[in-house]
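Colleague: give me the fold of what follows.
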Amino acid sequence: MRIMRFLDRRRKTQRNIQRHTRRVTFEPLEQRVVLSVGYIPNDPLQFGPEASPSDRYNHELMQNPAAWWVSDTEANFGDRELVVAVVDNGVDYTHPDLYENIWINQDEIPDALMNPPDPEDDGLSDVDGDGLITFVDLNDPTNLAKPYVIDHNDNGYIDAQDLLYSDYANKVANTDWNNGVDDDNNAYVDDLVGWDFKSSPDDNTPWPTTSGDHHGTRIAGILGAIPDNGVGMAGIAGNVTIMPVRMLSYESSIEYAVDNGAKIIAMSRGIGGWNSGLQKALDYAYSHDVLFFNGTDNTGRDGVTEGFLDHYRLQYEQLLFPVNTDSEGAKSLSSIGSGVDLAVPA
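Modeller: Next up, the predicted model:
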């Protein structure tokens with residue numbers, strides 16, 4: 001399979017560079033030809049008139065505008081059928097730059113919404129014809145006319161919170177969608193947009209509960225912030241689908257993501273040594289042809305002098321380690337070493 005071939009190539013590369021680990025550096029951004037070729041989206045924080053090259057250095061370094069370009073007026077920002085699970089501390093699924101890309105569990109949509117008993121109602125419409133009911137579809141006038149597609153939180157668009165609650169402030173469930181039935185029989189009742197394994201009891205609201213803790217939301221934005229919408233920033237692959245999973249244990253969180261269609265898992269978890277649960281989760285993802293990334297931690301350790309990532313590389317061969325970089329190289333807090341698989345400007 002593709003993942004096996006990729007990992008085989010990576011292991012060969014790791015052996016070649018094991019004795020030559022060094023910090024990756026880049027030429028200063030000011031010396032680069034900025035945005036000379038490619039599609040330029042209208043997201044103001046990175047591409048607006050007041051944005052500076054440093055605000056979009058990640059897109060420049062990865063040459064994303066060229067990758068997006070179809071024509072001067074058309075872009076390809078990725079495939080909505082590709083599901084990326086952000087296994088973290090939760091995702092703000094009401095965010096104006098994320099809401100359209102949040103995953104909807106197709107098998108958990110109540111049949112009464114797809115095939116209503118009212119003969120005058122033809123049910124939810126797949127407006128763009130991609131075979132999915134997405135938040136792009138739900139925000140189309142065709143579906144907004146339905147009595148069960150309502151902006152309950154009054155933020156101007158339909159988002160995951162609208163499906164889960166008719167009154168979020170008082171935690172009143174939206175029983176049109178959040179109907180108390182395990183429609184897909186996966187043992188997670190009403191997991192319409194992901195699952196929160198950390199809450200007690202666990203539930204169907206994978207939302208960051210700690211005030212000011214936006215790590216999962218930030219990761220989701222780097223990956224899949226809605227592009228070319230005149231808001232905020234552009235994700236690297238802004239048409240992918242983000243599956244929020246609020247993590248407690250490795251096994252339950254990863255198995256949920258894999259079983260529900262994620263093909264990429266993005267996790268940011270400090271690894272303190274060998275963990276049997278993590279190994280089982282890795283084996284499970286690997287056996288289902290799922291790429292599994294875990295960012296190097298933020299302790300600033302050096303694999304050359306401390307053997308930090310080299311040690312974990314030997315323990316977890318299926319796990320891919322990206323290092324967080326800025327325009328000058330690996331960030332000062334990012335741990336590095338020959339165990340690093342790729343650099344991620346973010």
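
Colleague: quick one, strands of this protein?
Modeller: Here the chain has its strands, by DSSP state E, at 69-71, 74-75, 83-88, 165-167, 172-173, 195-196, 241-246, 264-267, 291-294, 322-326, 329-330, 342-345.

Colleague: rank the ones you listed by pLDDT, which is bottom?
Modeller: Note on the strands of the chain: strand 329-330 shows the lowest mean pLDDT, a mean of 54.

Colleague: to Leu132, which of the strands of the chain lies closest?
Modeller: When the strands of the chain are compared by C-beta to C-beta, strand 241-246 sits nearest Leu132, at 8.4 Å. Bear in mind the C-beta positions are built from the backbone N, C-alpha and C, glycine included.

Colleague: follow-up on the earlier one: can you redo the strands of the chain as CSV with mean neighbour count and distance to Asn204?
Modeller: What follows is the strands of the chain, written out as CSV (neighbours: other C-beta atoms under 10 Å; distance: least, C-beta to C-beta, whole Å):
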stretch, mean neighbour count, distance to Asn204
strand 69-71, 11, 37
strand 74-75, 15, 34
strand 83-88, 27, 15
strand 165-167, 16, 11
strand 172-173, 14, 10
strand 195-196, 26, 6
strand 241-246, 28, 10
strand 264-267, 24, 19
strand 291-294, 20, 24
strand 322-326, 20, 29
strand 329-330, 19, 38
strand 342-345, 18, 30
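
Colleague: of those strands, which is nearest Ala257?
Modeller: Using C-beta to C-beta, the nearest of the strands of the chain to Ala257 is strand 83-88, at 3.6 Å.

Colleague: which helices and strands sit right next to that closest one?
Modeller: With contacts taken as 3 or more C-beta pairs under 8 Å, 6 or more residues apart in numbering; DSSP states H and E, strand 83-88 sits against helix 215-224, strand 241-246, helix 250-259, strand 264-267.

Colleague: who's in contact with that strand?
Modeller: Here strand 83-88 makes contact (C-beta atoms under 8 Å, 6 or more residues apart in numbering) with 103, 215-216, 219-220, 223-224, 240-247, 253-254, 257, 260-269.

Colleague: ok and that strand relative to helix 215-224, angle-wise?
Modeller: Inter-element angle recorded for strand 83-88 and helix 215-224: 150 degrees (by axes from the mean of the first three to the mean of the last three C-alpha atoms, to 10 degrees).

Colleague: quick one: strand 83-88 to chain centroid distance?
Modeller: 5 Å (C-alpha atoms, centre = their mean, to the nearest Å).

Colleague: partners of it, with directions?
Modeller: If you go by DSSP bridges, strand 83-88 pairs up with strand 241-246 (parallel), strand 264-267 (parallel).

Colleague: got the angle for that strand vs helix 250-259?
Modeller: Angle of strand 83-88 versus helix 250-259, following the same axes, to 10 degrees, is 160 degrees.

Colleague: please report the distance of the nearest residue to Val245 once chain neighbours are set aside from Tyr316.
Modeller: Using C-beta to C-beta, 6 or more residues apart in numbering and skipping residues adjacent in sequence, the residue nearest Val245 is Val87, 4.6 Å away. Between Val87 and Tyr316 the distance is 15 Å, computed by C-beta to C-beta, to the nearest Å.

Colleague: please apply the same query to Asp191.
Modeller: Per C-beta to C-beta, Asp191 is found 28 Å from Tyr316.

Colleague: so for those two, which residue has more residues nearby?
Modeller: Higher neighbour count among Asp191 and Tyr316: Asp191, with 25 against 19, using other C-beta atoms under 10 Å.

Colleague: okay, that one: pLDDT?
Modeller: Here, the pLDDT recorded for Asp191 equals 98.

Colleague: care to break this structure down by domain?
Modeller: What automatic domain parsing lists as the domains of the chain is 1-19+79-103+195-346, 105-192.

Colleague: adding distance to Tyr39, write those domains out as a markdown table.
Modeller: A markdown table is the format used below for the domains of the chain (distance: least, C-beta to C-beta, whole Å):
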| stretch | distance to Tyr39 |
| --- | --- |
| domain 1-19+79-103+195-346 | 8 |
| domain 105-192 | 19 |
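
Colleague: mind checking which of those is nearest Val70?
Modeller: domain 1-19+79-103+195-346 (12.1 Å).

Colleague: ok, now which ones touch Ala75?
Modeller: Contacts for Ala75 (C-beta under 8 Å, 6+ apart) come out as 39, 41, 68-69, 227-228.

Colleague: I'd like to know which of those are buried.
Modeller: Listed as buried from those are 39, 41, 68, 227-228; burial here means 16 or more other C-beta atoms under 10 Å.

Colleague: which member of the residues you listed is positioned nearest Ala234?
Modeller: Nearest to Ala234 among the buried ones among the contacts of Ala75, with distances taken as C-beta to C-beta, is Pro227, at 3.9 Å.

Colleague: now that closest one. Nearest residue, chain neighbours left out?
Modeller: Gly238 (3.4 Å).
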